[in-house]
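Undergrad: Sharing a model that was predicted from the sequence below.
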Amino acid sequence: MGDDARAEVARLKRERDAVVLAHYYVAPEVQELADHVGDSFALAQLAATLPNRTLVFCGVSFMAESAKILSPDKTVLMPDPAADCPMAHMVRRETVEAARERYGDDLAVACYVNSTAEAKSWSDVCVTSSNAVRIVRALPQRNVLFVPDRHLGRFVARQAGEKNVILNDGFCPIHQAISASEVERLRSELPGAEVLAHPECPEDVLALADFAGSTSQIIERAAASDARDLVILTVDGVRGELERRCAGTGKRLHFPAPRPVCPDMGRISVERLVACLRDGTGEVALPPADVAEGARRALARMLELGRA
Ligand code: 13P
Ligand code: SF4
């Protein structure tokens, strides 16, 4: 990325009173142009509080949609509105209704933010991978339907033994493709390595990890680790920030094969970012009022409960 793109982005941001937010999974050259880079929770918090008139979201659509729901008066732009998370669609209303029917008032529906606004509006609270355990444990109900991600749901269930966590069958195709045999291979090639995994990984992979947490938590843990070799079990986009944080320490980063890349996050390019800032394209619409209000309630409850 040249200085030209940087200067162009700075000029266009001033013209629109825009701020650029990027998730750790987008391309490193896009992250370099962003004002803020973070995990889903940090970005949701920022989106709810930043004063700028325009928010440009370099991530997938559920992130930009949540920003619009939390700040309906702002203009929210996406460099490529086709960047969508397949897991966001992996929950059906009937699943939620059947659980509500069965457990009545002693059921809470916890919805991973990687979900559509509709799914959020059926739920009682949103969570991200950085706060799901804490939020589920703080809920007054004993029964918790966790949607859409079965792997994060299982990870929560293991740590919240006092709860009856009911799992849905959604998953992230990228993390699901990380195999236990590949992690075993890396472990045997790298004795003494620390293995850091995202909780969207399957159960047998998480069982082989030393640590599981959100992208930000993985980055923090890697920076603090004494290990020389770090095996990173999440999308390759975190590499840039990890390299920055581990620079000069002699730490070596290892990712599993095949390299975990998210094609939807990959749709966000510098060219598309510049075009969206220049032309105001990719504007995110507010969902219908009842959906927006239900989703806003679940997101606001997460922001309240999720403060560390
Ligand atoms: P976090 O940002 O919570 O680590 O989630 C990762 C993810 O899958 C975002 O799409
Ligand atoms: Fe969705 Fe997985 Fe891509 Fe995250 S990495 S946006 S969960 S497909």
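TA: Nice, I can see it. The model shown is predicted, which means the values in this text are computed figures rather than measured ones. Ligands and ions are numbered 1, 2, ... in the order given.
Undergrad: okay, CA-based contacts and neighbour counts for the rest of this
TA: Will do.
Undergrad: All the strands of this structure, in order from the start?
TA: Ranges of strands in the chain, per DSSP state E, are 18-23, 36-38, 54-58, 75-77, 107-112, 125-127, 143-147, 164-167, 194-197, 211-212, 229-233, 252-254.
Undergrad: average pLDDT across the first one?
TA: For strand 18-23, the per-residue pLDDT values average out at 97.
Undergrad: elements contacting that strand?
TA: Applying 3 or more C-alpha pairs under 8 Å, 6 or more residues apart in numbering; DSSP states H and E, one finds that strand 18-23 contacts helix 28-33, strand 36-38, helix 40-49, strand 54-58.
Undergrad: and if you look at the third one?
TA: In terms of contacts (3+ C-alpha pairs under 8 Å, 6+ apart), strand 54-58 is packed against strand 18-23, strand 75-77.
Undergrad: again with the second one
TA: Contact analysis of strand 36-38 by 3+ C-alpha pairs under 8 Å, 6+ apart lists strand 18-23 as its packing neighbours.
Undergrad: Output the strand it packs on as CSV, nothing but the C-alphas.
TA: Output of strand 18-23 as CSV, limited to C-alpha atoms (Å, rounded to 0.1, in the frame of the first residue of the first chain):
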residue,chain,number,x,y,z
ALA,A,18,-15.6,9.2,8.9
VAL,A,19,-13.8,6.7,11.1
VAL,A,20,-12.6,3.4,9.8
LEU,A,21,-13.0,0.3,11.9
ALA,A,22,-11.4,-3.0,10.9
HIS,A,23,-11.5,-6.6,12.3
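Undergrad: Given it, what are its sheet partners and their directions?
TA: Sheet pairing of strand 18-23 (DSSP bridges) gives strand 36-38 (parallel), strand 54-58 (parallel).
Undergrad: which of the residues in that strand are buried?
TA: Neighbour-count burial for strand 18-23, with 16 or more other C-alpha atoms under 10 Å as criterion, is recorded at Ala18, Val19, Val20, Leu21, Ala22, His23.
Undergrad: ok, the first one to Glu8 distance?
TA: Look at Ala18 and Glu8: by C-alpha to C-alpha, to the nearest Å, they are 13 Å apart.
Undergrad: Could you export the strands of the chain to TSV, including columns for distance to ligand 1?
TA: Shown next, in TSV, are the strands of the chain (distance: least, C-alpha to the nearest ligand atom, whole Å):
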stretch	distance to ligand 1
strand 18-23	7
strand 36-38	7
strand 54-58	11
strand 75-77	18
strand 107-112	9
strand 125-127	9
strand 143-147	14
strand 164-167	18
strand 194-197	10
strand 211-212	10
strand 229-233	11
strand 252-254	18
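Undergrad: Turn these into a markdown table, columns for distance to Arg278.
TA: Formatted as a markdown table, the strands of the chain follow (distance: least, C-alpha to C-alpha, whole Å):
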| stretch | distance to Arg278 |
| --- | --- |
| strand 18-23 | 11 |
| strand 36-38 | 20 |
| strand 54-58 | 12 |
| strand 75-77 | 11 |
| strand 107-112 | 33 |
| strand 125-127 | 33 |
| strand 143-147 | 37 |
| strand 164-167 | 43 |
| strand 194-197 | 38 |
| strand 211-212 | 39 |
| strand 229-233 | 36 |
| strand 252-254 | 37 |
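Undergrad: With respect to Phe155, which of those lies nearest?
TA: Among these, the nearest to Phe155 by C-alpha to C-alpha is strand 211-212 (8.9 Å).
Undergrad: From the contact counts, what lies against that closest one?
TA: strand 194-197.
Undergrad: by contact count, what packs against the strand it packs on?
TA: Counting contacts by 3+ C-alpha pairs under 8 Å, 6+ apart, strand 194-197 packs against strand 211-212, helix 215-224, strand 229-233.
Undergrad: Now find how far off-centre the shortest one is within its chain.
TA: Its chain's C-alpha centre and that of strand 211-212 lie 16 Å apart, by C-alpha atoms, centre = their mean, to the nearest Å.
Undergrad: what are the pairing partners of that strand, and which direction each?
TA: Sheet pairing for strand 211-212, using DSSP bridges, gives strand 194-197 (parallel).
Undergrad: Now the partner strand: average pLDDT?
TA: Averaged across strand 194-197, the pLDDT comes to 98.
Undergrad: That concludes my questions; thank you for your assistance.
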